[in-house]
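Engineer: My questions concern the predicted model and sequence given below.
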Number of protein chains: 2
Amino acid sequence: MADDDTSPFTQEEIARAQSYRVRDYPEGTSPEVDALVKDIITGFADKWTFVILDVLWDKGTLRFSEIWREVPEISQKMLTQTLRRMERDGLVIRTLYPSVPPKVEYRLSALGLSLGAAFCNIWVWAIENLDDVRKARERFDSRDA
Amino acid sequence: MADDDTSPFTQEEIARAQSYRVRDYPEGTSPEVDALVKDIITGFADKWTFVILDVLWDKGTLRFSEIWREVPEISQKMLTQTLRRMERDGLVIRTLYPSVPPKVEYRLSALGLSLGAAFCNIWVWAIENLDDVRKARERFDSRDA
DNA sequence: CGGTATCCACTTAGATACTG
DNA sequence: CAGTATCTAAGTGGATACCG
């Protein structure tokens, strides 16, 4: 949003909003980079990626079954799929111990760790604004009661 | 992740990751709050919400058709749906001018603005780590060539 | 202009069965 | 244990037509 005085927000609101933000956008991003970035973001804007990132952030290194225990609502298929995609994107490191039965461990890479840190702000936002969202929903839903 | 010395990351990697993060989690979140927060997050972890949040952040106040012009790939149905949900969640403010033909303007609420600020970090992360992700993908894809 | 309603193609994800 | 393969139910989103 432009930082001129057409802003519909008070200084206080803006300051509060900015408290969730660390850095400014880099200058002069090309439309091409823009598109790629949007691609990456929308690719990661996935329910399970979010949850698994959170779990690995909290617990460190986990086996496949241990992750599953932390997130029982996920199906085995989706867990495998999500982990595979995160591995492909360089977010998690998969270590296979060739024993019988096999043992596979997952942990965040440095890249995944940094993405987790970025997501932290969203998490904090959600906690701090949970009530406002709830109230907004109630207000909206009771408008046509 | 636990901050003990079992961490698989170097101090530098951790410092770098933390540069995307503003605040720590609040202490002692209950499992109940946890679930609600996860709900909100996964509810917002949606492709179009992300894009529209970005557009309104950049442009300020826009009419329905103006948003659509900024995001031509979206269908009218999804645009309406997404905007409606964002309005319900208190993220955007919808102003209807009862003229003929009707004119409807959308802008971020203070709540939406603060969520946008939080998402800013993800955006910055994507820009700065675009290349690493691309390389990781190439490496992964060429492993079984 | 800014929607809503309907229909339909396609994707997605859960359940189940099987395997190295 | 940690997957893969297959089938199917449900959900999602696009196209189209129409409306205040």
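Structural biologist: Received, thanks.
Engineer: Briefly note if stretch A:31-39 comes near chain B.
Structural biologist: Yes. For stretch A:31-39, a contact with chain B is found by C-beta under 8 Å from any C-beta of the partner chain, at A:33, A:36-38. For glycine as for every other residue, the C-beta is placed from the backbone atoms N, C-alpha and C.
Engineer: who touches that stretch?
Structural biologist: For stretch A:31-39, contacts defined as C-beta atoms under 8 Å, 6 or more residues apart in numbering or on different chains pick out A:29, B:51, B:123, B:126-127, B:130.
Engineer: May I see the buried residues of the helix ranked longest in chain A?
Structural biologist: If you go by DSSP state H, chain A has its longest helix at helix A:110-141. Under the neighbour-count criterion of 16 or more other C-beta atoms under 10 Å in any protein chain shown, helix A:110-141 has A:110-129, A:132-133, A:136 buried.
Engineer: so which of those are also by chain B?
Structural biologist: Among those, chain B is touched by A:110-111, A:113-129, A:132-133, A:136 when using C-beta under 8 Å from any C-beta.
Engineer: Make sure I have this right: residue A:68 is in a helix.
Structural biologist: Yes. Judged by DSSP: H, G, I helix; E, B strand; the rest coil, residue A:68 forms part of a helix.
Engineer: wait, isn't it in contact with residue A:76?
Structural biologist: Yes. Here residue A:68 reaches residue A:76: they are 7.2 Å apart, a contact under C-beta atoms under 8 Å.
Engineer: the more surrounded of these two?
Structural biologist: residue A:68 (17 against 10; other C-beta atoms under 10 Å in any protein chain shown).
Engineer: and the gap between the more buried one and DNA strand D?
Structural biologist: 7 Å (C-beta to the nearest atom of the strand, to the nearest Å).
Engineer: per-residue confidence for that residue?
Structural biologist: In the prediction, the pLDDT value recorded for residue A:68 is 97.
Engineer: how about low-confidence regions in chain A?
Structural biologist: The model of chain A has pLDDT under 70 over residues A:1-5, A:144-145.
Engineer: and it, which of its residues are near DNA strand D?
Structural biologist: For chain A, the contact set with DNA strand D under C-beta under 7 Å from any atom of the strand comprises A:63-66, A:76-77, A:80, A:83-84, A:101-104.
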